[in-house]
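Undergrad: with the sequence up front, the predicted model follows.
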Amino acid sequence: MSKKEISTGVVHTMPVDLRKAIISSPKVLALWEDITPLARNEWICWVTSGKKAQTRNIRIQKALSKLKGGMRRPCCWAGCIHR
């Protein structure tokens with residue numbers, strides 16, 4: 001099984017669970033590749049900043065839903081403090 005490469009953020013590495021979720025939806029993957037590296041970084045940071053596995057899974061599902069709807073950055077979040 002080959003690993004499909006997708007674009008990442010500028011600071012954070014792409015977690016495996018988020019990568020799998022993104023490539024599972026062609027619509028999400030297309031938008032993911034169209035947004036800027038800083039925007040991708042925001043999504044990655046938002047997902048990985050959840051401390052509990054349950055929170056992280058919820059954020060991955062919300063990210064997929066928001067990206068499917070065309071949202072290019074996480075809403076109502078201060079943003080990545082790591083850049």
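TA: Nice, thanks for sending it over.
Undergrad: just give the closest residue to I60, not the sequence neighbours.
TA: The shortest distance from I60 to any non-neighbouring residue, by C-beta to C-beta, 6 or more residues apart in numbering, is to A21 (5.1 Å). Backbone N, C-alpha and C define where each C-beta goes, glycine included.
Undergrad: now for the stretch of helix or strand the one you found belongs to, which elements pack on it?
TA: Using DSSP states H and E, A21 falls within helix 16-23. When contacts are defined as 3 or more C-beta pairs under 8 Å, 6 or more residues apart in numbering; DSSP states H and E, helix 16-23 packs onto helix 26-34, helix 37-48, helix 53-68.
Undergrad: contact partners of that helix?
TA: Under the criterion C-beta atoms under 8 Å, 6 or more residues apart in numbering, residues 4, 6, 28-29, 32, 43-44, 47-48, 56-57, 60-61, 63-64, 67 lie in contact with helix 16-23.
Undergrad: mind showing which ranges of the protein have poor pLDDT?
TA: Within the chain, the ranges that satisfy pLDDT under 70 run 1-3.
Undergrad: can you rerun that using 80?
TA: For the chain, the stretches with pLDDT under 80 are 1-4, 77, 82-83.
Undergrad: residues in contact with E42?
TA: E42 makes contact with 9, 73-74, 77, 79-80, according to C-beta under 8 Å, 6+ apart.
Undergrad: next one: T8
TA: Neighbouring residues of T8 by C-beta under 8 Å, 6+ apart: 14, 37, 40-41, 44.
Undergrad: just the buried ones among these, please.
TA: 14, 40-41, 44 (16 or more other C-beta atoms under 10 Å).
Undergrad: can I get those residues in a markdown table including distance to K52?
TA: Output for those, formatted as a markdown table (distance: C-beta to C-beta, whole Å):
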| residue | distance to K52 |
| --- | --- |
| M14 | 20 |
| R40 | 23 |
| N41 | 22 |
| I44 | 17 |
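Undergrad: farthest-separated two in those residues?
TA: Spatial extent of the buried ones among the contacts of T8 (C-beta to C-beta) is set by the pair M14 and N41 at 10.1 Å.
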